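Participant: Using only what follows, build the 3D model:
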Amino acid sequence: MENKEILVKLGARISLIRKAKGLSQQELAALIEYEKSHMSRLEKGGTNPTYLTLMKVAKALDISISELLEGL
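Facilitator: Now for the predicted structure:
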């Protein structure tokens, strides 16, 4: 699998979980001290997040990192 494909799948997973939790992109971005534009890029697979960013996202979504990465 290409790196870009992985990032797109990760972004889609974050988006899916975020929506299931009833959060907007803006709300999730605020929870992790991220700009909304960066959150949008992350969910579209346009950026390679650091481990620390993934930890913040998982914590904000109240899931484990392994749950966040499940299926990738």
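Participant: What distance do you get for residue 60 to residue 27?
Facilitator: Distance, residue 60 to residue 27, by CB to CB, to the nearest Å: 9 Å. To be clear about C-beta, it is placed using only N, CA and C from the backbone, and glycine gets the same treatment.
Participant: Show me which of those two is the more surrounded one.
Facilitator: residue 60 (19 against 14; other CB atoms under 10 Å).
Participant: and that one, how far is that from residue 51?
Facilitator: 15 Å.
Participant: Residue 3 now?
Facilitator: Counting by CB to CB, the gap from residue 3 to residue 51 is 16 Å.
Participant: Report pLDDT for the residue sitting nearest the centre point of the chain.
Facilitator: Against the mean C-alpha coordinate of the chain, by CA atoms, centre = their mean, the closest residue is residue 14 at 3.7 Å. Listed pLDDT for residue 14 reads 97.
Participant: What lies in contact with stretch 26-41?
Facilitator: For stretch 26-41, the surrounding residues in contact (CB atoms under 8 Å, 6 or more residues apart in numbering) are 18, 23, 25, 42, 47, 53, 56, 57, 60, 61.
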